[in-house]
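Undergrad: Just to be clear, the model below is a prediction. Sequence and coordinates:
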Amino acid sequence: MKGAARLRRVAELRLRRWSARRHGSDALSLTVGRRRIYIIPTRFGAALALLLTAMLIAGLNYNSNLGLAFGFLLVSLALIAMHHCHHNLLGLVVDANCEIDGFAGDAVRVEVLLRNDGRAERCGIEVRFAAADGQAAVLCSVPPTDMTRAVAQLAVAQRGVLRIERFELRTRHPLGWFRAWSYVHCPLTLFVAPQPAGGRAPPATAPGDEEFAGLRAYTAGMPLKHMAWKVLARGGAPAVRSYTGTAAPPKWLDWAALEPLAPEERLAQLCGWVLACDAAQRPYGLKLPDVVIAPAIGPLQRRTCLRALAAFPAAAA
Amino acid sequence: MSTEPIAPSDRVTLQALSSISACLGIALLADLTTVPVWVSGTVAAGAAWRLGLAARGRDAPPRALRLAVALFAVGFFFIRFHTFNGLYAGKALLCLIAGLKLLETRTRRDLYVVALIIYFLCLASLLDGESFTLLAHAVAVSWITTATILRVAGADSPSRWPVHLRYAGRLLAQALPIAAALWLFFPRFGGPLWQLPDDGNGATSGLSDAMSPGDVTDLALSDEIAFRVRFTAAAPPPAALYWRGPVLHDFDGRTWRHALLRAVAAPLLPRGPAYQYTVSLEPSRRHWLFVLDWPFAWSAPRALLTNDYMLISSTPVTQRLDVTATSYADVAWTGALDAGSRQRDTRLPAGLNPRSLALARSLRDAHPDDAGYIRAILTLFHEQAYFYTLTPPQLAEDSVDSFLFDTRRGFCGHYASAFASLVRAAGIPARVITGYHGGTYNRFAGYWIVRQSDAHAWVEVWLDGRGWVRMDPTSAIAPERVERGLNDLVYGGAASTSRWQQRTPWLADARLRLDALRLLWRERILRYDQNSQERMLKWLHVPNPDQRKLALLLGASLIVGMAWLSWQVRRDAGCRPKDPLERAYRILCRRLARIGAPRRPHEGAEAYAARVAALRPDLDATVTALCRRYSDLRYGASPPDRAVFIAAVRRFRPRDFPASS
């Protein structure tokens, strides 16, 4: 049993490498073509094949035309099932969403967009992601002429930049007699920020009064939380409520300020601060040994900082 | 294995369990008569037990218990059957295993095993069954089983039953043409690959090898079909249709029995018209094959013609059997009767039936020539008060005397027995032939149906210089003395229908049409073999048909079938929307993608047009106009003519480089 499993793993690895050489690296979005779909019978399918052989021998032996007719019906049913399995992947349009990050120790969301231009629903499509230290899979179906987000949760223990070299689309639709699959050799890059630590208070700063100070014109990057929706609803130009506190001077989150701590702990602390500042809607900047990010606020700033923390080289620390 | 933890997605649900149990139950319906009641009961009990556990949210019974139940059941099976071999035992064992497997079902995989067993049970019921209903049943069972597999395999996307049934139906419908091609072209072999064990169960029907008319007081005429006959060319007149069965020689005063068989037939010279025909026998579990007088050639496996012209198969007819034979209505007997046969066919039991012996002596004195003597007996039957009846009184110890002088009522057996006794009493060899006479002509499909109610008995008499001559004493009875049941045919009438058929002709017609369908089913489907394949190849104008060409044809038809299938499935999975407008828009996008401006998934028509215009100013006017028109067609309140748009898209063929460069 173990030997068979290892054999299968080795065969799959070989096939994957071969297919990588064959197709090169793929650009998204990608339409799954017939040359990249592989198909083999499952264990259930192999058992069925044995059964069908037995049926045909019995039918021939008993000279029973009805038995043969029934056996041939099942043989054709298996052929049809094979076609349906193959066509469940054929023509599927795949796109990835790389805008998603996560934190070490949590489940990182990996997302792929599947589009179905066909008339039939594509059922039971499994998207499998294999990273260096874990696997994630998600099962989904795509309604006709529609799109589905396949979101998998990948458990990542370590901070860093995670490259998912490829992902795999698998299906056993409709009867589980065949397994069709296709590799997409398109690396997805995920930035895994350190697990935020909240041990220390952020660098001292005079807290703003948080008093409403009037409306300012909206520019991109301003927190949506402070959006003056009523003004917009009345037909006015987009505006943001401003508070006296928000104008407080930007705060530097400094690597050097955390001197006695180990590098990973410092990163974790910085991460915690970034999140805290972001939650408090205060402008902040980040200083790392090689990287300086100018103070700003908003989702873009948050992402830039978190990515910088994720990408911080482990060797330099 | 059983202690392994099961992933929650693999654990069977109550719903899946009840579906597969229902499939198994319906599959077993076809085998209820062939599988012992205790096996069906065990299967039902196993299913009920498992379902009961599942309903309370519990798993399969513990492993030790399951093992004990399985061992007990299989052990009991072996005690009852003494074998696991053969179709009958194998089928019962398969049912039993299905029930036991159902009991221990815990995961999806177990359900799959049960589904496979159900498929095989369907096949097993078809191996010895031949009716259309059985095939329809098997297809229906495989339909719902496939739907169940769809449900179980696609458990992540919950749909309702009708959806799965429809999908399974579509799969089967698509499988049908390919299955038909396989069935038509797959090479058949002549016989079985190995000898099949004979189950030896089932009752015999039809004529037996002995006749004792004195003991029968009510001859029930069954409408059951004995065989069907199709003549290749002309058929003999209906009155001459004597289907020859067991020939009886030995008479002990009450019962006629057939004697030991001897193979070599006396040489015959064919004279009269030859008739070629195919007799399609229903299974009777007897050895007789019924042919017309006098058979010369026949095609039946392991069949033998005896010296009294019985065609006998060395194995009982347990399955439907087709015999093609050629018979001559008129023959010349060259040899004389050998002494042994003459002695055997003139023997009468000593000391019995004294009154008939006296009658024979007095008749013989008046008619010293054999032919005259026989005519005198027939005249006796015709002129005296003899009645034909199917409910004759029981005869006394001296059965011939009792019939001839006391009761005077009887059916063909009585007359044949009495006639043969009288003939033998004069020293003329005589033997009783049992078989069938006449039949019903099916004018819708041009063949004869011979039923058990057409059973008949007649006599053959040896006349020196003429050989064996057929005499039918029953036909000598005056028509006004026939009480009921005897077909008009016996009197040479053309109509061979009974009274109820004359009263309700449409019903009789419907019955004949139904029977014609049955014969068609049998000739075209059940008996489809190597020869039929050869005929089909000839019909397709394939020169020198052989197995290799058949295989080629099979390959070719499979390729065509798969191509058709591929096209079918692609049409569903693929890229051709139904709406012509949508299709035209796709074409537009595809052509633009080819020149390097693919539409992004999120882009609407007008945004796309704007982007294309920025990329390729030379196409600006056309693309903007086309996209605006598409938007109007799709969303506008008063859409312009869509045909114009479609035609414009078809004309639009952007070149790969800007026109300016």
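TA: Now that the structure is in, tell me what you want to look at.

Undergrad: can we go C-alpha only for contacts and neighbour counts from here?
TA: OK.

Undergrad: Any chance you could spot the residue sitting in the middle of chain B?
TA: Most central in chain B under CA atoms, centre = their mean is B:E130, positioned 2.9 Å from the mean C-alpha point.

Undergrad: measure it to B:L526 for me?
TA: 7 Å (CA to CA, to the nearest Å).

Undergrad: list residues touching both of these two?
TA: A:L66 (CA atoms under 8 Å, 6 or more residues apart in numbering or on different chains).

Undergrad: Mind naming the longest helix for the chain?
TA: This is for chain A. In chain A, with assignment by DSSP state H, the single longest helix is helix A:65-89.

Undergrad: My question was about chain B, not that one.
TA: Assignment by DSSP H gives helix B:547-573 as the longest helix of chain B.

Undergrad: what helices or strands is the helix or strand just after it leaning on?
TA: Using DSSP states H and E, the helix or strand that follows helix B:547-573 in sequence is helix B:580-594. Counting contacts by 3 or more CA pairs under 8 Å, 6 or more residues apart in numbering or on different chains; DSSP states H and E, helix B:580-594 packs against helix B:642-651.

Undergrad: and the angle for the helix it packs on with helix B:580-594?
TA: 20 degrees (axes from the mean of the first three to the mean of the last three CA atoms, to 10 degrees).

Undergrad: I'd like to know the average pLDDT value across helix B:642-651.
TA: In this model, helix B:642-651 has an average pLDDT of 84.

Undergrad: just checking, what packs against that helix?
TA: On a contact count with 3+ CA pairs under 8 Å, 6+ apart, helix B:642-651 meets helix B:580-594, helix B:620-635.

Undergrad: Dump these to JSON lines, plus mean pLDDT.
TA: Output for the helices and strands packed on helix B:642-651, formatted as JSON lines (pLDDT from 0 to 100):
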{"stretch": "helix B:580-594", "mean pLDDT": "83"}
{"stretch": "helix B:620-635", "mean pLDDT": "85"}
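
Undergrad: Those into JSON lines, with extra columns for mean neighbour count and distance to A:R266?
TA: Output for the helices and strands packed on helix B:642-651, formatted as JSON lines (neighbours: other CA atoms under 10 Å in any protein chain shown; distance: least, CA to CA, whole Å):
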{"stretch": "helix B:580-594", "mean neighbour count": "17", "distance to A:R266": "49"}
{"stretch": "helix B:620-635", "mean neighbour count": "17", "distance to A:R266": "55"}
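
Undergrad: Format the ones you listed as a markdown table; extra columns: distance to B:R285.
TA: Listed next are the helices and strands packed on helix B:642-651 as a markdown table, based on distance: least, CA to CA, whole Å:
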| stretch | distance to B:R285 |
| --- | --- |
| helix B:580-594 | 66 |
| helix B:620-635 | 74 |
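
Undergrad: Where does the prediction get shaky in chain A?
TA: A:1, A:97-100, A:132-133, A:199-213, A:220-221, A:223, A:242-250, A:315-317 (pLDDT under 70).

Undergrad: Would you map the helices across it?
TA: Using DSSP H, helices in chain A cover A:2-23, A:43-61, A:65-89, A:229-233, A:263-280, A:299-311.

Undergrad: what number of residues lie near B:A647?
TA: B:A647 sits with 11 neighbouring residues when counted by other CA atoms under 10 Å in any protein chain shown.

Undergrad: Locate the residue of chain A with the greatest distance from its centre.
TA: A:N63 (56.6 Å).

Undergrad: Next, it: phi, psi?
TA: Reported as degrees, to the nearest 10, the phi and psi values for A:N63 are phi 50, psi 40.

Undergrad: if we can go back for a sec, so what's the residue nearest to the centre of chain B up against?
TA: A:L66, B:L526.

Undergrad: Doesn't it belong to a helix?
TA: No. Counting by DSSP: H, G, I helix; E, B strand; the rest coil, B:E130 falls outside a helix, being coil.

Undergrad: Distance of it relative to A:V156?
TA: Distance from B:E130 to A:V156, by CA to CA: 63 Å.

Undergrad: Once you drop chain neighbours, what's closest to the residue in the stretch 401-550 of chain B that chain A sits nearest to?
TA: Proximity of the stretch 401-550 of chain B to chain A (CA to the nearest CA) peaks at B:L526, 5.5 Å away. Leaving aside its chain neighbours, B:L526 sits nearest to A:N65 (5.5 Å; criterion: CA to CA, 6 or more residues apart in numbering or on different chains).

Undergrad: who's in contact with the one you found?
TA: Counting by CA under 8 Å, 6+ apart, A:N65 has contacts A:G59, B:I525, B:L526, B:R527, B:Y528.

Undergrad: Could you dump those residues into TSV with secondary structure and neighbour count added?
TA: Below are these laid out as TSV (DSSP: H, G, I helix; E, B strand; the rest coil; neighbours: other CA atoms under 10 Å in any protein chain shown):
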residue	secondary structure	neighbour count
A:G59	helix	25
B:I525	helix	18
B:L526	helix	18
B:R527	coil	18
B:Y528	coil	18
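
Undergrad: Show me which of the residues you listed has the smallest pLDDT value.
TA: pLDDT across the contacts of A:N65 is at its lowest for B:R527, which sits at 78.

Undergrad: Give me the buried positions along stretch A:225-233.
TA: A:M227, A:A228, A:W229 (16 or more other CA atoms under 10 Å in any protein chain shown).

Undergrad: And the average pLDDT for stretch B:386-398 is what?
TA: 82.

Undergrad: Quick check: end-to-end length of it?
TA: By CA to CA, one end of stretch B:386-398 lies 18 Å from the other end.

Undergrad: Can you give the distance of that stretch from its chain's centre?
TA: How far stretch B:386-398 lies from its chain's middle: 40 Å, per CA atoms, centre = their mean, to the nearest Å.

Undergrad: Show me which residues of it are buried.
TA: Using 16+ other CA under 10 Å as the test for burial, stretch B:386-398 gives B:Y386, B:F387, B:Y388, B:T389, B:L390, B:T391, B:P392, B:P393, B:Q394, B:L395, B:D398.

Undergrad: same check, this time on stretch B:334-351
TA: Under the neighbour-count criterion of 16+ other CA under 10 Å, stretch B:334-351 has B:L337, B:R342, B:R344, B:D345, B:T346, B:R347, B:L348 buried.

Undergrad: Kindly indicate which of those lies nearest A:A237.
TA: B:D345 (125.4 Å; CA to CA).

Undergrad: which ones are touching residue 272?
TA: As the question left the chain open, I've gone with chain A. Applying CA under 8 Å, 6+ apart, the residues contacting A:G272 are A:Q195, A:P196, A:A197, A:G198.

Undergrad: My question was about chain B, not that one.
TA: By CA under 8 Å, 6+ apart, B:G272 lies in contact with B:Y328, B:A329, B:D330, B:V331.

Undergrad: now A:L66
TA: A:L66 sits next to A:G59, B:L126, B:L127, B:E130, B:L135, B:I525, B:L526 when contact means CA under 8 Å, 6+ apart.

Undergrad: Off-centre distance for the helix or strand the fifth one falls within?
TA: For B:L135, the enclosing helix or strand under DSSP H and E is helix B:132-153. Using CA atoms, centre = their mean, the distance from the centre of helix B:132-153 to the centre of the chain it belongs to is 21 Å.
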